Structure formats: structure tokens, C-alpha cells
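Undergrad: attaching a predicted model along with its sequence, questions to come.
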Amino acid sequence: MAATSATSLSIGSAAAVNNKTNLIAHTKPHCVRVNTRNSLPSFSGLRSSNSHSLSMETHSSFLGKETSSALRGSLAPESMKRSQSLNHQLSPQASYKVAILGANGGIGQPLSLLIKMSPLVSALHLYDIANVKGVAADLSHCNTPSQVLDFTGPAEMGNSLKGVNVVVIPAGVPRKPGMTRDDLFNINAGIVKTLVEAVADNCPDAFIQIISNPVNSTVPIAAEVLKKKGVYNPKKLFGVTTLDVVRANTFVAQKKNLKLIDVDVPVIGGHAGITILPLLSKTKPSVSFTDQEVEELTVRIQNAGTEVVEAKAGAGSATLSMAYAAARFVESSLRALDGDGDVYECSFIDSDLTDLPFFASRVKLGKNGVEEVISSDFHGLTEYEQKGLEALKPELKASIEKGITFANKQSIAA
Ligand SMILES: NC(=O)c1ccc[n+]([C@@H]2O[C@H](COP(=O)([O-])OP(=O)(O)OC[C@H]3O[C@@H](n4cnc5c(N)ncnc54)[C@H](O)[C@@H]3O)[C@@H](O)[C@H]2O)c1
């Protein structure tokens, strides 16, 4: 590999925690910029030799430096900007426990790998109904801080959740060509219900992050389950819609020839078809689109999942980009738990922004979950976005109600 003057290590820079130099206290979790005369293989770990000097960067590899600053600039109150956000320091020791339910799957495995790379994670609990021992053994050989534990089958599910701070749920069946996300409902609704019941019993205080589709219905199901168990905290239940943001950022950067890592597009509404509404007028950095570009980009973002389903031709839906997106959301949550006062993500949550009980929007994450819903994204919507917002509501409402009805019927039957 050619010599390079600056190599960025993303969350894989567990090296920053592993090596016993005093670099640790000065290193952000997301991006360590390494100035070295020689090339540095990303995951080999940093050595404390004199030939390497490190400087701290305060940005996330998932979000992008300038986007991050742009968000700070536009969303964070002045006092917060001054006092804490830019100076947030990584805890010297990894201390959070993350459980992945459905860890053996197409999303679960790469997601487990990405989370294993986080310097903020002390324990990674892998749960699946399929034997997950092999995945855990494999991952456990990576020289990053977290201990990897495997749990297989319902008898071990409770233990997989004890003491956990963040639970991620990618368990379920993926889409095949010709299926909509709603077609998955009958199988995945039951899976999510069972898993969230166990979460309620074993780690009710955890952040719960639902990937299993249809998210527009599985999140309301989770909320009903938690309510029935008397442990519902709306600030800690999240539908993971990060992939919509990741896709929007990628497609806009490509279309407008922008530096990929700098682009941020908020995506609101829900997580299926027309309920996915990218707010292109709120793109950062500010960029103008023709009406035709808005139409093409919006439709592509809404149907991007189908692009992957069709390309995989029966082998499932997005797994790698989904794992990347979910890892970004988990890492953001861990940063928030760790006291970073500058964490913003879009998520499908219990919301009073609209007349619907659940809605995806940008939120500020804090130690207690959703700290603030960012309503300013709704100001000054274009006519196209306003129409899209009105058009998505009936479909999203129906999906939410379907989830609530399912959860209630199930509990009557039980
Ligand atoms: N939110 C999003 O943006 C998004 C994107 C892509 C896929 N998805 C959804 O994620 C889910 C998983 O997709 P995938 O491609 O990883 O599927 P997959 O079939 O490859 O993996 C699913 C895993 O879940 C496990 N599982 C099934 N039932 C379980 C249960 N009761 N308890 C624990 N584990 C269980 C399976 O054994 C398997 O390992 C699907 O519902 C898919 O639609 C969501």
C-alpha cells in the first residue's frame, strides 16, 4: 500500500483503547486521525512507537466531520455548543453491554462485527434461535475490548438480556422479490412481540432498537408489549430508520457530486414506500435541486430497499448496508449514554410532532434516550415535501394501527 500521511481509523480503532499509551484519554470513539510516515493497516492496532503521532478529531466516521459541525451549528443550543459537545471525551474504558437478537442472520453477523469494533462496548451478547456459538467464537478472536457471549434458543434468551444497556433486534424474515415490508408482518410481528416481552422482563431500562420489518408496525407492537408489562419508556424505544438516511446521503452526494461523508439529509415519516420522506430541502451542506431531481431522488430513496431485494433475486434484503446503518445508530446511542451532548439521529419513535402516535424525525439522543425531538426540520417544507407528508399519513396510520391491533389481540388470546 502506498505511504499516506493521514489514515482515518473508524470505530475499528479499538486500537485506541487496546494499546497502553496515554493516547486513550485524548481519543474520540469514532475517528482517530493517524499521522504516520508509513501506511497503517486499519485494524492492526496502533503501536506506541515514536514513529506515530496521533491527533484527536471530534467527528464520527459514520456521520462525517462537516455534517457533524453543520448539525451542531444548526441544532445545538449555543450554551451546549460552548460548554460540552466539542470537548466530549471518550470514557477511558469500554463499559456498555449490547445484545443483538437475531445475531446469526444476514444483518446480525456483520452488525455484530461492527459493534465488536466499538471501543465503548465491554460485552457483546449474541442471541439467536439458530446456534450462534460459531459466530461468537469467530468474533471473540478480534483483539477489541468487548467480551463476546453466545446465547442460543429461548431457554438462554433471558440471560442474554441481563444487565444490557442497548438491545438491537434484527430477528425475523427478510423480504423476497415481489413482497412488500407489510408482507412480513405475520411472521415478524410475533417474533418481535416475544423478544420484547423478554426485554421487558430482563432489561426494561435498555435502549430498544428495532430493525425487524415492517418497522412501521413492529415498533407499535413493541410499545404495546412494554405498556402491558408496565415498563414502557417512549424515550427508549426506537425504530431503526438510519438506512434511509444513509441511502439518502449516498444518493444525494452522487447526484450532486458532493463529498460523500459531508452530506446529511433528514428522512422523516416511516420506513416503507411512500412513508419514507426525505427532506431534500434540508440537506446539509445546502444544495439546490431541480423539481425533476427531487422527484427522482425521493422515489429512489423510497424504493432503495426493493433495488437490493431484486438484485439479490431471492436471497433476501439489504444486510451489509443495514448493518452499517444500525452500527451507526448503536454507536450514536453509546456516545449519548457516555455523555456526549451532541448526538442527533433520525428514528421512528413515539412522537407528538404530527397527529400520528409514531413518527420518524430527527431527535437528539441523551443518556435517557430521546432528549429532544427536532421540530425545526418541519419549518419551511417545500410544497412537494408538504404533499408527501400528507400523502404518507394514511398509510403510516394504518400500519401503526395494524401493529397495535395485533399486540392487543395476542394478549387477549394469551
Ligand atoms: N430496518 C431496516 O432498515 C431493515 C433493512 C433490512 C432488513 N430489515 C429486516 O431485518 C430483519 C432481518 O433480516 P436479515 O436479512 O438479517 O434476515 P435473516 O433471515 O438473514 O436473519 C434473521 C435471523 O433472525 C433469527 N431469528 C428468527 N426468529 C428468531 C427469534 N424468534 N429469536 C431470535 N432470532 C430469530 C434467524 O435465525 C436469523 O438468524 C428482517 O425482518 C428484515 O426485513 C430491516
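TA: Perfect, thanks for sending it.
Undergrad: I'd assumed N216 was in contact with T241.
TA: No: T241 lies out of contact with N216 (CB atoms under 8 Å); the separation is 9.7 Å. C-beta here means a position set from N, CA and C on the backbone, and glycine is covered the same way.
Undergrad: higher neighbour count, these two?
TA: N216 (32 against 28; other CB atoms under 10 Å).
Undergrad: from memory the more buried one sits against T275, does it?
TA: Yes: assessed by CB under 8 Å, N216 is found in contact with T275 at 6.1 Å.
Undergrad: return every residue with contacts to both of T241 and N216.
TA: Common contacts of T241 and N216 (CB atoms under 8 Å, 6 or more residues apart in numbering): 270-271, 348.
Undergrad: format those as JSON lines; extra columns: distance to K133.
TA: Output for those, formatted as JSON lines (distance: CB to CB, whole Å):
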{"residue": "G270", "distance to K133": "36"}
{"residue": "H271", "distance to K133": "32"}
{"residue": "F348", "distance to K133": "33"}
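Undergrad: so where does E372 fall, helix or strand?
TA: Assessed by DSSP states H and E, E372 sits inside strand 369-373.
Undergrad: what strands line up against that strand, and which way round?
TA: strand 358-366 (antiparallel) (DSSP bridges).
Undergrad: the partner strand and the ligand in contact?
TA: No: using CB under 6 Å from any ligand atom, strand 358-366 stays clear of the ligand, coming no nearer than 10.9 Å.
Undergrad: residues in contact with that strand?
TA: 75, 216, 219-220, 223, 239, 241, 244, 266-271, 332-333, 335-336, 341, 343-351, 353, 370-375, 377-378, 396, 400.
Undergrad: so which of those reach the ligand?
TA: Answer for the contacts of strand 358-366 near the ligand (CB under 6 Å from any ligand atom): H271.
Undergrad: narrow the contacts of strand 358-366 to just the buried residues.
TA: Neighbour-count burial (16 or more other CB atoms under 10 Å) applied to the contacts of strand 358-366 gives 75, 216, 219-220, 223, 239, 241, 244, 266-271, 332-333, 335-336, 341, 343-351, 353, 370, 373-374, 377-378, 396, 400.
Undergrad: which regions of the stretch 51-200 of the chain sit below the pLDDT cut-off?
TA: The model of the stretch 51-200 of the chain has pLDDT under 70 over residues 51-93.
Undergrad: who in the chain is up against the ligand?
TA: Counting by CB under 6 Å from any ligand atom, the chain sits next to the ligand at 101-102, 104-108, 128-130, 170-175, 184, 188, 191, 194-195, 211-213, 215, 240, 243, 271, 316-319, 322.
Undergrad: for the residue of the stretch 101-250 of the chain at minimum distance from the ligand, which non-adjacent residue is closest in space?
TA: As assessed by CB to the nearest ligand atom, the ligand sits closest to G105 within the stretch 101-250 of the chain, at 2.1 Å. Spatial nearest neighbour of G105, excluding adjacent residues (CB to CB, 6 or more residues apart in numbering): P170 at 6.0 Å.
Undergrad: what ranges do the helices span in this protein?
TA: 15-18, 65-75, 78-83, 108-116, 133-140, 154-161, 185-202, 215-228, 242-256, 291-302, 304-312, 320-337, 383-413 (DSSP state H).
Undergrad: count residues in the vicinity of D264, would you?
TA: D264: 23 surrounding residues under other CB under 10 Å.
Undergrad: confidence score at it?
TA: Listed pLDDT for D264 reads 96.
Undergrad: please report how far it lies from the ligand.
TA: Remark: distance between D264 and the ligand (CB to the nearest ligand atom, to the nearest Å) = 18 Å.
Undergrad: ditto for V370
TA: From V370 to the ligand the distance is 18 Å (CB to the nearest ligand atom).
Undergrad: so in terms of bridging, what pairs with that residue?
TA: L365.
Undergrad: that one touches I349, doesn't it?
TA: Yes: counting by CB under 8 Å, I349 is a contact partner of V370 at 5.9 Å.
Undergrad: ok, back up a step: what is in contact with N216 and T275 at once?
TA: Taking CB under 8 Å, 6+ apart as the criterion, N216 and T275 both touch 396, 399.
Undergrad: got the CA coordinates for stretch 395-412 in PDB?
TA: What follows is stretch 395-412, C-alpha atoms only, in PDB (Å, rounded to 0.1, in the frame of the first residue of the first chain):
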ATOM      1  CA  GLU A 395     -50.600   4.500   5.100                       C
ATOM      2  CA  LEU A 396     -48.500   5.100   8.200                       C
ATOM      3  CA  LYS A 397     -51.600   5.400  10.400                       C
ATOM      4  CA  ALA A 398     -52.900   2.000   9.000                       C
ATOM      5  CA  SER A 399     -49.500   0.300   9.700                       C
ATOM      6  CA  ILE A 400     -49.300   1.600  13.200                       C
ATOM      7  CA  GLU A 401     -52.900   0.600  13.900                       C
ATOM      8  CA  LYS A 402     -52.200  -2.900  12.500                       C
ATOM      9  CA  GLY A 403     -49.400  -3.300  15.000                       C
ATOM     10  CA  ILE A 404     -51.400  -2.100  17.900                       C
ATOM     11  CA  THR A 405     -54.300  -4.400  17.000                       C
ATOM     12  CA  PHE A 406     -52.000  -7.400  16.700                       C
ATOM     13  CA  ALA A 407     -50.500  -6.800  20.100                       C
ATOM     14  CA  ASN A 408     -53.800  -6.400  21.800                       C
ATOM     15  CA  LYS A 409     -55.400  -9.400  20.100                       C
ATOM     16  CA  GLN A 410     -52.400 -11.500  21.000                       C
ATOM     17  CA  SER A 411     -52.600 -10.600  24.700                       C
ATOM     18  CA  ILE A 412     -56.400 -11.300  24.700                       C
END
